[in-house]
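> Give me coordinates for this.
(2 chains)
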Number of protein chains: 2
Amino acid sequence: MLYLIGLGLAYPSDITVRGLQKVQQSKKVYLEHYTSILMNASLEELCEFYGKEEVILADREMVEGGCEEMIEASLTEDVSFLVVGDVFGATTHTDLILRCKQRNVPFEVIHNASVMNAAGACGLQLYNFGQTISMVFFTDSWKPDSWYDKIMENRKIGLHTLVLLDIKVKEQSIENMARGRLIYEPPRYMSIQQCCEQLLEIEDIRGEKAYTKDTPCVAISRLGSDKQAFKSGTIEQLASYDSGEPLHTLVILGRQTHDLELDYILEFADDRENLTEMLRKDQEYFKPLPWVPPTDDEMSD
Amino acid sequence: MLYLIGLGLAYPSDITVRGLQKVQQSKKVYLEHYTSILMNASLEELCEFYGKEEVILADREMVEGGCEEMIEASLTEDVSFLVVGDVFGATTHTDLILRCKQRNVPFEVIHNASVMNAAGACGLQLYNFGQTISMVFFTDSWKPDSWYDKIMENRKIGLHTLVLLDIKVKEQSIENMARGRLIYEPPRYMSIQQCCEQLLEIEDIRGEKAYTKDTPCVAISRLGSDKQAFKSGTIEQLASYDSGEPLHTLVILGRQTHDLELDYILEFADDRENLTEMLRKDQEYFKPLPWVPPTDDEMSD
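The predicted model follows:
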């Protein structure tokens, strides 16, 4: 049996009781280790918490290569595959499950919190979120901006946009890759500041006003940990906000922001009046056209 | 201290280890008991699992009335407030947190899986979901349909729509309410069948083709439990699908359905060829207009 188990967000003890039982009865335990990190735990602490001698790190090569060894082992014994957040969160492991089905490997999913639902902790209603986007680290020559249209689509209909910030774990430099040297760069985690700078850079280029420097946002830092922090402000204000240690997530507000949501996020603002004003302006800009009665032609359709 | 603790979806053991520790150290334990149910557990089983003599049921009147007693108690002792799913899931308890802040009651949130992220288990990517809607039980004289426009907004930009199905716990009949009798109706949970019938009823009235009887959907039943089941089909097909015991959720597909998503949901279809054809038709209908080069005027802006 293969157990796919979400670990939640921060602490070793964020695993569910049922998840922990499955880990403890497993002969082998793998930890998916390239799309996120468990903030408040080292690998050693996880091993100790589970009472396991070894937790095998599954890097991108292993997971995208099909996890052959892991699937093979699951045919005859209990194996756990641990995923930070939920199994179907920011990174979905449906390909792994499809492979289990093809090979007749029994599997069970044990869910947990993901940033995609826990982000509701900032006070914005999950109901009012549109599609989620990912912001990757720009380089001098590579500034992908397909997310820009998605923000525009969300905001045209008044919805909030959850922005997941890039992390780079176990990446090689171009030079080391070219020379075939298995030397990895230190991990990098995008800050709120850099995310907002990249947002402004692309708005400068595209100029379609999907958002402006004055668009209200909420920065979510270290969600679910004891150092969790929220900061509300405009994109320009957050572009000079020191968000501290990772991980971070950003929400770009949509016009549908309800007064209850506003009350909540104003608690995290440095300048409440200014933010309220910016929100009202943004709501005005994205206000739908007034209702027009249908013509006789339309009514007779 | 007030601990707001998500219980996850089905089993008593779906609580996190950290959550369980907080429950056990709490003097009083409340369970929010009107927006969802823990599928695989009775109240007695929960008490036994927690090692508590009493878990107090918090009904709508208590929660919407401000939970004064609970907040008061939290000033001097540890209290747990349990919520099925996550604390910020389908029902957000931000009002309760605002009240804690006003009263200087320390609080801590312990997240868990919510239907809003665990729905990813059907194989559709959470990235591609638009705003979530709720489908309430229609009566002869009350058929609210504001969700219709939201489905249209989502589908115009190609996104999936998560439909949360109504549940009625501890509701009074109009007669009993009028007579002031505290007699409650047996709980009711909307089936996939009824949800799809109501969808078709409103499309018949509105006729704007936000969706049709042929629009592909995925029915999610008993998510996260040992009786979890998925069924893919058109709205018309699912309107005669016996979805069995509650709880249920429906996803209406959007044009952006990726081939990997399709592969996954076809596993749950009775007629794979028909569903693929209906999906292709739907994608064609909602296809964006072809790209047109900007005019000189637009470029000189």
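
> Could you tell me how far the residue nearest in space to the middle of chain A is located from A:R222?
Nearest to the geometric centre of chain A sits A:L164, at 3.9 Å (CA atoms, centre = their mean). Going from A:L164 to A:R222 by CB to CB, to the nearest Å gives 15 Å. C-beta: built from backbone N, CA, C; applies to glycine.

> Report the separation between the residue located most distally from the centre of chain A and chain B.
Relative to the C-alpha centroid of chain A, counting by CA atoms, centre = their mean, A:D296 is the outermost residue, at 48.0 Å. Note on A:D296: its distance to chain B, by CB to the nearest CB, to the nearest Å, is 16 Å.

> Tell me the confidence at that residue?
Predicted confidence (pLDDT) for A:D296: 72.

> Which helix or strand contains the residue nearest to the centre of chain A?
strand A:161-165 (DSSP states H and E).

> Can you list the buried residues in that strand?
Using 16 or more other CB atoms under 10 Å in any protein chain shown as the test for burial, strand A:161-165 gives A:T161, A:L162, A:V163, A:L164, A:L165.

> wait, does that strand make contact with chain B?
No: judged by CB under 8 Å from any CB of the partner chain, strand A:161-165 and chain B are separated, with a smallest distance of 8.8 Å.

> What lies in contact with that strand?
Strand A:161-165 is contacted by residues A:90, A:115-116, A:119, A:129-135, A:147, A:150-151, A:154-155, A:189-192, A:195, A:247-252, A:254 when judged by CB atoms under 8 Å, 6 or more residues apart in numbering or on different chains.

> show me where chain A has strands.
A:2-6, A:28-32, A:56-58, A:79-83, A:107-110, A:133-135, A:161-165, A:167-168, A:188-189, A:216-221, A:229-234, A:248-252 (DSSP state E).

> Show me which residues of the stretch 101-250 of chain A are close to chain B?
So far as CB under 8 Å from any CB goes, the stretch 101-250 of chain A lies against chain B at A:101, A:109-114, A:116-121, A:123, A:125-134, A:153, A:157, A:159, A:207, A:224.

> Now a ChimeraX select for only the buried ones of those.
In ChimeraX syntax, the buried subset of these is picked out as below (16+ other CB under 10 Å):
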select /A:109,110,111,112,113,114,116,117,118,119,120,121,123,125,126,127,128,129,130,131,132,133,153,157,159,224
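
> list the contacts for the nearest residue to A:A41 once chain neighbours are set aside?
Counting by CB to CB, 6 or more residues apart in numbering or on different chains, A:A41 lies nearest to A:P12, which is 4.7 Å off, once chain neighbours are set aside. Listed by CB under 8 Å, 6+ apart, the contact partners of A:P12 are A:L38, A:N40, A:A41, A:E45, A:L46, A:F49, A:Y50, B:V17.

> Contacts only, for the fifth one.
Applying CB under 8 Å, 6+ apart to A:L46 gives the contacts A:P12, A:L31, A:L38, A:V55.

> State the distance from A:R188 to A:E171.
Taking CB to CB, one finds A:R188 at 8 Å from A:E171.

> Which strand residues bridge the residue nearest to A:V109 when sequence neighbours are not counted?
Using CB to CB, 6+ apart and skipping residues adjacent in sequence, the residue nearest A:V109 is A:L4, 4.9 Å away. Counting by DSSP bridges, A:L4 is bridged to A:F81, A:V109.

> and the residue of the stretch 101-250 of chain A nearest chain B?
Nearest residue of the stretch 101-250 of chain A to chain B: A:G120, at 2.8 Å (CB to the nearest CB).

> Now that residue: closest residue in space that isn't a chain neighbour?
Nearest non-adjacent residue to A:G120 (CB to CB, 6+ apart): B:F88, at 2.8 Å.

> still on that earlier bit, quick one: the strand holding A:L164 to chain centroid distance?
Distance of strand A:161-165 from its chain centroid, counting by CA atoms, centre = their mean, to the nearest Å, is 6 Å.

> ok, which stretches of the stretch 1-150 of chain A are helices?
Shown for the stretch 1-150 of chain A, the helices assigned by DSSP state H, counting those that start in this stretch span residues A:17-25, A:43-50, A:60-64, A:68-74, A:94-102, A:115-118, A:147-156.

> Comparing these, which comes out most buried?
Neighbour counts (mean count of other CB atoms under 10 Å in any protein chain shown) averaged over each of the helices of the stretch 1-150 of chain A peak at helix A:115-118, with a mean of 28.

> pLDDT averaged over it - what is it?
Mean predicted lDDT for helix A:115-118 stands at 95.

> quick check, nearest of the contacts of A:L46 to B:E284?
A:L31 (42.8 Å; CB to CB).

> Do I have it right that the closest one meets A:I56?
Yes: using CB atoms under 8 Å, A:L31 is in contact with A:I56, at 7.0 Å.

> quick revisit: put together JSON lines for the strands of chain A, with distance to B:I202 and mean pLDDT on each row.
Listed next are those as JSON lines, based on distance: least, CB to CB, whole Å; pLDDT from 0 to 100:
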{"stretch": "strand A:2-6", "distance to B:I202": "36", "mean pLDDT": "97"}
{"stretch": "strand A:28-32", "distance to B:I202": "42", "mean pLDDT": "94"}
{"stretch": "strand A:56-58", "distance to B:I202": "46", "mean pLDDT": "90"}
{"stretch": "strand A:79-83", "distance to B:I202": "38", "mean pLDDT": "96"}
{"stretch": "strand A:107-110", "distance to B:I202": "33", "mean pLDDT": "97"}
{"stretch": "strand A:133-135", "distance to B:I202": "31", "mean pLDDT": "97"}
{"stretch": "strand A:161-165", "distance to B:I202": "28", "mean pLDDT": "97"}
{"stretch": "strand A:167-168", "distance to B:I202": "43", "mean pLDDT": "89"}
{"stretch": "strand A:188-189", "distance to B:I202": "45", "mean pLDDT": "93"}
{"stretch": "strand A:216-221", "distance to B:I202": "34", "mean pLDDT": "98"}
{"stretch": "strand A:229-234", "distance to B:I202": "37", "mean pLDDT": "98"}
{"stretch": "strand A:248-252", "distance to B:I202": "31", "mean pLDDT": "98"}
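
> list the contacts for A:E54?
A:V29, A:C47.

> burial measure for A:I37, as a count.
Residues near A:I37, counting by other CB atoms under 10 Å in any protein chain shown, number 16.

> Could I get the pLDDT score of it?
On pLDDT, A:I37 comes in at 75.

> again with A:D301
51.

> In contact with A:L126, which residues?
Contact analysis of A:L126 by CB under 8 Å, 6+ apart lists A:N117, A:A119, A:G120, B:F88, B:G89, B:A90, B:T92, B:S114, B:M116, B:T132.

> Go again with 7 Å.
A:N117, A:G120, B:F88, B:G89, B:M116, B:T132 (CB atoms under 7 Å, 6 or more residues apart in numbering or on different chains).

> Same list, those residues, but as JSON lines with distance to A:Y241 please.
What follows is those, written out as JSON lines (distance: CB to CB, whole Å):
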{"residue": "A:N117", "distance to A:Y241": "24"}
{"residue": "A:G120", "distance to A:Y241": "21"}
{"residue": "B:F88", "distance to A:Y241": "23"}
{"residue": "B:G89", "distance to A:Y241": "28"}
{"residue": "B:M116", "distance to A:Y241": "28"}
{"residue": "B:T132", "distance to A:Y241": "29"}
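
> Tell me the one among those nearest to A:V63.
Relative to A:V63, the closest of those is A:N117; by CB to CB it sits at 22.8 Å.

> I figured the closest one hits B:M116, correct?
Yes: checked against CB atoms under 7 Å, the pair A:N117 and B:M116 is within contact range at 4.9 Å.

> Find residues that contact each of those two.
What both A:N117 and B:M116 touch, as defined by CB under 7 Å, 6+ apart, is the set A:L126, B:G89.

> Could you list the low-confidence segments of chain A?
Residue ranges of chain A with pLDDT under 70: A:90, A:92, A:297-301.

> Break it into its domains for me.
For chain A, the structural domains run A:2-113, A:116-286, going by the TED database.

> closest to B:S240 out of those?
Nearest to B:S240, of all these, is domain A:2-113, at 26.8 Å by CB to CB.
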